[in-house]
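A.B. asks: Below: sequence and its predicted model.
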Amino acid sequence: MTKSVSAHRSPPFSRRERWRGHAALILFAMFISVSFSLGAVSAPMIDPSAMTAARFLTAAIVMVGGIVVGGLVSQRRAAPSFAALGRGTWRFLLLGAFYGAYFVCMFEALRLSPPTPLVAVFTLSPLLTAGLAYLLAGQRTPPSMLFALLLGGAGAVWVIFGGDIDALLAFKVGLGEGIFLLGTISHSIYAALVRRMKGPETLSIFTLGVILGAMIVVTLAGFPAVLRTDWTALPAIVWATIFYTGIAATVGSATLLQYAALRLPASKVMAYTYLPPSLVILIEGALGNGWASAAILPGVAATVAALALLSLGRDDM
């Protein structure tokens, strides 16, 4: 029977280890933010399904190499641990379907909308995950955390509608934002299911299983797009995006998130989801793509306030 990792409390970590957890989350937020700006440049040049399939193939190769090298360095045989992938196939395919759908929606949305409102949609993930975790797993959110999630969600909605109260009241949301909202809901379902579906395999094998599951589902679903893509004629920026999103934004961000989750409470891990909108505004401005309108700054301030509220308190578990 599958055991939930939430049933076990992690031992307390030293202050230095907890600070390392915070540093890992800042780097995680930077990896995510850069992927939005980089993806916006390359999204019009390749089909979203083909891009996502290549991204997960890259991530899988890096993960397999890392697991094998890690086994050799630690003088343990790494190969037998891969057998767990076969035993958990249905779990990996299900989780991979939700995980992969998020990235396909992301690249499709980046064809239609600029990165700033899309990354604001991404900050709705903690609120959506909290609601889905309650429905799917009965996990309750403390009132103080719920207030911070609602504040961050309100700020995200303000940014999504461009600080236009008339557009908000009329619910005039762009097609790109709507598509990415569906992807964000898919990602939140994935996040809510992870703890229920984590089996006895190691964390690295579990992560590899999800990546392989996502690669298989996305490749099969988008097989015509994968076949008609002229891979040898793709511009260098597309290949740079594939390698960056596969290595840094997939393997790197997953590793950093897992590292931090073992050292910090869930509320603090969730808090850093509210950092990317501010980072994307800085990245887009630095790249010469224009600075965000002053009208959306109150929404950005609300997401930063949500981050601060969720970060308050002790770091012990």
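C.D. replies: Now that the structure is in, tell me what you want to look at.
A.B. asks: pLDDT weak spots in this structure?
C.D. replies: Along the chain, segments meeting pLDDT under 70 span 1-13, 72-80, 136-137, 139, 169-171, 266-267, 312-317.
A.B. asks: got the phi/psi numbers for the nearest residue to Ala29 once chain neighbours are set aside?
C.D. replies: Nearest non-adjacent residue to Ala29, counting by Cβ to Cβ, 6 or more residues apart in numbering: Leu275, 4.0 Å away. Using the backbone N, CA and C atoms, a C-beta is placed for each residue, glycine as well. Main-chain torsions, Leu275, degrees, to the nearest 10: phi -80, psi -40.
A.B. asks: what packs against the biggest helix by length in the chain?
C.D. replies: Counting residues, the longest helix found in the chain (DSSP state H) is helix 15-42. For helix 15-42, the elements it packs on are helix 89-110, helix 115-122, helix 236-246, helix 253-261, helix 266-271, helix 276-286, judged by 3 or more Cβ pairs under 8 Å, 6 or more residues apart in numbering; DSSP states H and E.
A.B. asks: neighbours around the residue nearest to Ala29, how many?
C.D. replies: Burial of Leu275, expressed as a neighbour count using other Cβ atoms under 10 Å, amounts to 21.
A.B. asks: can you tell me how far it sits from Ala308?
C.D. replies: With distances taken as Cβ to Cβ, to the nearest Å, Leu275 is found 11 Å from Ala308.
A.B. asks: Report the angle between the longest helix of the chain and helix 115-122.
C.D. replies: With axes from the mean of the first three to the mean of the last three Cα atoms, to 10 degrees defining the directions, helix 15-42 sits at 130 degrees from helix 115-122.
A.B. asks: Next, the buried residues of helix 15-42.
C.D. replies: With burial defined by 16 or more other Cβ atoms under 10 Å, the residues of helix 15-42 counted as buried are 18, 20-22, 24-25, 27-42.
A.B. asks: thinking again about what came up before, check contacts around the residue nearest to Ala29.
C.D. replies: Contact analysis of Leu275 by Cβ atoms under 8 Å, 6 or more residues apart in numbering lists 26, 29, 33, 304, 307.
A.B. asks: which among the residues you listed gets closest to Pro117?
C.D. replies: Ranked by distance to Pro117 (Cβ to Cβ), the contacts of Leu275 are led by Ser33 at 13.8 Å.
A.B. asks: Report the contact partners of the nearest residue to that closest one once chain neighbours are set aside.
C.D. replies: Once flanking residues are discounted, Ser33 sits nearest to Leu279: 3.8 Å by Cβ to Cβ, 6+ apart. The neighbours of Leu279, taking Cβ under 8 Å, 6+ apart as the test, are 29-30, 33.
A.B. asks: Same list, those residues, but as a markdown table with distance to Asp164 please.
C.D. replies: Output for the contacts of Leu279, formatted as a markdown table (distance: Cβ to Cβ, whole Å):
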| residue | distance to Asp164 |
| --- | --- |
| Ala29 | 27 |
| Met30 | 29 |
| Ser33 | 24 |
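A.B. asks: Tell me which helix or strand Pro200 sits in.
C.D. replies: Assigned by DSSP states H and E, Pro200 belongs to no helix or strand.
A.B. asks: how close does it get to Ala84?
C.D. replies: 7 Å.
A.B. asks: Check Ala294 too.
C.D. replies: 52 Å.
A.B. asks: Gly70 too?
C.D. replies: From Gly70 over to Ala84 the distance is 15 Å, taken as Cβ to Cβ.
A.B. asks: Repeat that for Leu208.
C.D. replies: In terms of Cβ to Cβ, Leu208 sits 9 Å off from Ala84.
A.B. asks: between those two, who's got more neighbours?
C.D. replies: Neighbours were counted for Leu208 and for Ala84 using other Cβ under 10 Å; Leu208 has more, 26 against 17.
A.B. asks: Enumerate every residue touching the more buried one.
C.D. replies: 60, 63-64, 67, 85.
A.B. asks: need the next SSE after the helix or strand encompassing it, C-terminal direction.
C.D. replies: Here Leu208, judged by DSSP H and E, is contained in helix 203-221. Using DSSP H and E, the next helix or strand after helix 203-221 towards the C-terminus is helix 223-228.
A.B. asks: was I right about Gly39 contacting Glu108?
C.D. replies: No: contact between Gly39 and Glu108 fails when scored by Cβ atoms under 8 Å: they sit 10.4 Å apart.
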